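what's the 3D shape of this:
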Amino acid sequence: MQLGTRWAVGAEAPSRLPQVVVDAINGVEAELADLDTSQWRWTLTWLEDNPVVELDDGTVIRYTGGEAFVIAAPDDEI
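Reported below is the predicted structural model:
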C-alpha cells in the first residue's frame, strides 16, 4: 500500500512519481501560468499501484505504465 499526498502548484512533485508524470504536471502548470493558482493543490493517490494525480480544478493525470499517461481536463470526460 502506498500513501498519497498533496502539494502546492509550483512546488516539487513527490520523488516517487515516474518522470513522465512529473513532465505532465509541469506541462499543466505551464498552461496555468496566467492564472492565480496560489491556493491550488495537487492530490496524489494510488490505484492498482499506479499514480493518479488530480489538481483542484479537476485536471487528472493517470499513469498507465511505461511512457503512457492520460491528461483529462475539467471539461473532458474521463
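
contacts only, for the residue nearest to Gln39 when sequence neighbours are not counted.
Leaving aside its chain neighbours, Gln39 sits nearest to Asp56 (7.8 Å; criterion: Cβ to Cβ, 6 or more residues apart in numbering). The C-beta positions use only the backbone N, C-alpha and C, and glycine is treated the same way. Applying Cβ atoms under 8 Å, 6 or more residues apart in numbering, one finds that Asp56 lies in contact with Gln39, Trp40, Arg41, Trp42, Thr43.

just among those residues, which is most surrounded?
Tallying neighbours with other Cβ atoms under 10 Å puts Trp42 at the head of the contacts of Asp56, with 22 neighbours.

and it, what element?
Taking DSSP states H and E as the criterion, the element that holds Trp42 is strand 41-47.

so what are the sheet partners of that strand and their directions?
Strand 41-47 has its sheet partners listed here by DSSP bridges as strand 5-8 (antiparallel), strand 50-55 (antiparallel).

using CSV, write out every CA atom in the last one.
Looking back up the chat, that one is strand 50-55. Extracted as CSV, the C-alpha positions of strand 50-55 are listed here (Å, rounded to 0.1, in the frame of the first residue of the first chain):
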residue,chain,number,x,y,z
ASN,A,50,-0.3,3.4,-10.5
PRO,A,51,-0.3,7.1,-9.5
VAL,A,52,-3.4,9.3,-10.2
VAL,A,53,-2.8,13.0,-9.7
GLU,A,54,-5.6,15.4,-9.5
LEU,A,55,-5.5,19.2,-9.5
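
what is the least confident helix or strand in this protein?
strand 69-72 (a mean of 83; mean pLDDT, DSSP states H and E).

list the buried residues of it.
By neighbour count on 16 or more other Cβ atoms under 10 Å, the buried set for strand 69-72 is Phe69.

what sits up against it?
Val20, Val21, Ala24, Gly27, Val28, Thr59, Val60, Ile61, Arg62, Tyr63, Thr64, Ile78.
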